[in-house]
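Trainee: Structure for the following, please:
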Amino acid sequence: MKNQLHIKSTLLIGSLVFAATMFPSVALPQDPDAAIARTRPKGTAVAYPWAFKKGTKTARITAVKTVEELIRRANYASVPGTTAASAWSAIGYKMPVVGSMPTRAALRAFGAKTRANQILYGSVTWRTRSIWVNLGPKTISTATVNAYVYDVRQNKVVFQNRNVTGRSDEKSNGYKVAAALLLTPIVTAVSGGPATPQEQRAVQIALGLAFRGWVTPYLSIR
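Mentor: Purely as a prediction, here's the structure:
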């Protein structure tokens with residue numbers, strides 16, 4: 001019986017090798033454990049808290065969603081926004097404001113409450129204005145980001161990038177970086193149109209640039 005099983009296994013392996021040799025498009029079965037390892041999250045991260053100055057409500061929501069995308073892009077599981085907000089409220093600390101970020105004690109308590117490995121937080125300030133181009137007005141927005149990553153286990157900030165700007169009318173450099181990192185397309189903003197899409201586009205670009213140094217090392221080892 002064992003000899004018969006050995007013969008069948010040998011024939012099966014030989015058939016697969018022959019098929020892969022004669023027909024390159026036919027791939028040998030891959031190790032399922034290796035595939036799982038490539039998709040298994042490295043841990044949990046949370047995009048909270050964020051401080052905002054100016055900017056529409058929709059632009060602020062886009063900012064947080066963008067950070068959550070960058071978390072997933074780095075192969076971390078993202079803590080839902082509602083869970084994060086409830087946890088922050090439960091630990092009893094005030095929301096930060098631009099220019100005054102959370103203390104290490106607040107971040108540590110927040111990390112324990114959310115069971116997150118890393119906390120991505122910071123601030124965004126928008127400057128939206130109308131400029132005259134050729135024969136008509138053009139609405140543009142600049143988002144300035146201060147980005148931080150706090151590691152809960154190490155109890156310290158392990159990444160920071162301050163005063164990073166993104167302009168809504170940018171079509172190269174920063175735009176290309178953000179477009180390559182984000183999971184959803186950059187918001188389309190019409191010249192001379194409303195402020196909200198301009199602010200959304202600007203903050204997507206700024207955040208992509210700000211967190212590039214944190215995301216890309218994870219991409220290279222996946």
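Trainee: Near residue 216, how many other residues are there?
Mentor: 14 (other Cβ atoms under 10 Å). Quick note: C-beta positions are derived from backbone N, CA and C, even for glycine.
Trainee: Mind telling me what element it is part of?
Mentor: Applying DSSP states H and E as the criterion places residue 216 in helix 195-220.
Trainee: And residue 88, by the same measure?
Mentor: According to DSSP H and E, residue 88 maps onto helix 81-91.
Trainee: residues of that helix that come out buried?
Mentor: Counting neighbours by 16 or more other Cβ atoms under 10 Å, one finds that the buried residues in helix 81-91 are 83, 84, 87, 88, 91.
Trainee: in the chain, which spans are strands?
Mentor: Secondary structure of the chain (DSSP state E): strands located at 44-53, 77-78, 118-133, 136-151, 156-167.
Trainee: Low-confidence ranges, this protein, go.
Mentor: 1-39, 191-192, 220-222 (pLDDT under 70).
Trainee: what's the nearest residue to the residue nearest to the spatial centre of it if we skip its chain neighbours?
Mentor: Nearest to the geometric centre of the chain sits residue 70, at 0.6 Å (Cα atoms, centre = their mean). Spatial nearest neighbour of residue 70, chain neighbours left out: residue 211 (4.9 Å); criterion: Cβ to Cβ, 6 or more residues apart in numbering.
Trainee: just checking, the one you found touches residue 147?
Mentor: Yes. Contact status for residue 211 versus residue 147: in contact at 5.6 Å, counting by Cβ atoms under 8 Å.
Trainee: list the residues that contact both of those two?
Mentor: Both residue 211 and residue 147 are in contact with 120, 161, where contact means Cβ atoms under 8 Å, 6 or more residues apart in numbering.
Trainee: by how many degrees do the helix holding residue 88 and strand 118-133 diverge?
Mentor: 120 degrees (axes from the mean of the first three to the mean of the last three Cα atoms, to 10 degrees).
Trainee: from the middle of its chain, how far away would helix 81-91 be?
Mentor: Helix 81-91 has its C-alpha centroid displaced from the chain centroid by 20 Å (Cα atoms, centre = their mean, to the nearest Å).
Trainee: Give me the helices and strands touching that helix, please.
Mentor: strand 44-53, helix 104-114 (3 or more Cβ pairs under 8 Å, 6 or more residues apart in numbering; DSSP states H and E).
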